[in-house]
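[1] Build me a model:
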Amino acid sequence: MRWVKSKSSLDPAPNKALIFAAIAETVTGLALVIVPSLVGHLLLGTDLSGIAIPIGRLTGVALIALGIACWPGSPLIGMFAYNALAALYLGYLGLAGGLTGVVLWPAVALHLVLSILLGRALRGVT
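    As a prediction, the model looks like this:
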């Protein structure tokens with residue numbers, strides 16, 4: 001664990017708060033991916049339906065990546081996770097879900113390219 005330097009000493013409190021936030025965001029993201037309608041009902045008092053389901057799941061992917069990025073270590077891992085998972089999920093929606101807007105496939109391609117670039121950065125390859 002990295003320690004944040006305060007005026008008087010090394011203070012682990014900010015890292016503990018960040019780790020707690022990372023866990024909370026990851027759990028919320030997992031819930032959105034697995035049961036988006038239930039999360040919508042608990043948060044907003046109404047079930048999610050229609051296009052809100054895949055949007056909720058993509059939001060869940062983003063929250064999982066945020067949790068990973070906030071975990072001690074490299075935030076590149078979180079960005080890589082988001083772009084890779086977003087590319088996979090958006091591609092799935094286009095192929096199996098029948099949802100294809102004008103920018104769906106360019107968005108999939110963009111997330112794939114970003115995943116490759118971030119993966120190279122994580123490996124130290126330029």
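
[2] Count the residues that sit near residue 106.
    Residues lying near residue 106 (other Cβ atoms under 10 Å) number 10. All C-beta spots, glycine's among them, are computed from the backbone N, C-alpha and C.

[3] And for residue 66?
    For residue 66, the neighbour count with other Cβ under 10 Å is 21.

[4] chain center to the host helix or strand of it, what's the gap?
    According to DSSP states H and E, residue 66 maps onto helix 52-70. Here helix 52-70 is found 4 Å from its chain centre; the criterion is Cα atoms, centre = their mean, to the nearest Å.

[5] Contacts for it, please.
    The contact list for helix 52-70 (Cβ atoms under 8 Å, 6 or more residues apart in numbering) reads 18-19, 21-34, 36-37, 39-40, 48, 75, 77-79, 81-82, 85-86, 89-90, 93, 97, 99.

[6] Which of those residues fall within helices?
    Members of the contacts of helix 52-70 lying in helices (criterion: DSSP state H): 18-19, 21-34, 36-37, 39-40, 75, 77-79, 81-82, 85-86, 89-90, 93.

[7] Can I get the buried part of those as one PyMOL selection?
    A single PyMOL command selects the buried members of these (16 or more other Cβ atoms under 10 Å):
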select buried, resi 19+22+25+26+28+29+30+31+32+33+36+39+40+78+79+81+82+85+86+89+90+93
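
[8] What helix or strand is residue 108 located in?
    Assigning secondary structure by DSSP H and E places residue 108 in helix 104-123.

[9] For that helix, name the packing helices and strands.
    helix 75-95 (3 or more Cβ pairs under 8 Å, 6 or more residues apart in numbering; DSSP states H and E).

[10] And the helix it packs on, what does it pack against?
    If you count contacts as 3+ Cβ pairs under 8 Å, 6+ apart, helix 75-95 packs onto helix 52-70, helix 104-123.

[11] got the angle for that helix vs helix 52-70?
    If you take axes from the mean of the first three to the mean of the last three Cα atoms, to 10 degrees, helix 75-95 sits at 160 degrees to helix 52-70.
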